[in-house]
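Participant: Coordinates for the following, if possible.
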Amino acid sequence: MATKNTQDMSRAVGRRKEAAARVRLTPGKGEITINGKGYKTYFTTLILQKIISSPLDVTGKQKDLDVSVKVAGGGTRGQAEAIRHGISRALVGWNEDLKPVLRAVGFMTRDARTKERKKPGLTKARRGHQWRKR
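Facilitator: Numbering: from 1, shown residues only. A predicted model of the protein is given here:
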């Protein structure tokens, strides 16, 4: 189940690379907590903070909804983009009218690019062995 919607809560899952974020939206003052911490302490860089808050900024809901997130796997950038995807999906579960706005910005599309698997006979996914004369 990707999205669950009740009258006073909306849940969704967002994914990116190896990261998965479970997002819960509730009416509130606009607080964002990630794994029990504030999002500014969890993500210290400004660009990652902007990525997380961008769906709320685009829809104008940054002061109306509280966001609670549990995220695991991947790196910091992948986690931030998974949270953005989850918040976008939860907002659409909350209010279907926000879907065209979020889709136009590109937040509803799950980025399918993942790490390519290593092939047999190669050092990495595409890198072969280096030739040596002696």
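Participant: and Lys50, helix, strand or coil?
Facilitator: What DSSP: H, G, I helix; E, B strand; the rest coil gives for Lys50 is helix.
Participant: I'd like to know how far it sits from Glu81.
Facilitator: Distance of Lys50 to Glu81, computed by CB to CB, to the nearest Å: 12 Å. To be clear about C-beta, it is placed using only N, CA and C from the backbone, and glycine gets the same treatment.
Participant: higher neighbour count, those two?
Facilitator: A direct count of neighbours by other CB atoms under 10 Å for Lys50 and Glu81 places Glu81 higher, at 23 against 13.
Participant: Packing partners of the helix or strand hosting the more buried one?
Facilitator: Assigned by DSSP states H and E, Glu81 falls within helix 76-94. Judged by 3 or more CB pairs under 8 Å, 6 or more residues apart in numbering; DSSP states H and E, the packing partners of helix 76-94 are strand 3-5, strand 10-16, strand 19-27, helix 46-59, strand 65-72, helix 99-105.
Participant: taking those together, which one is wrapped up most tightly?
Facilitator: strand 10-16 (a mean of 22; mean count of other CB atoms under 10 Å).
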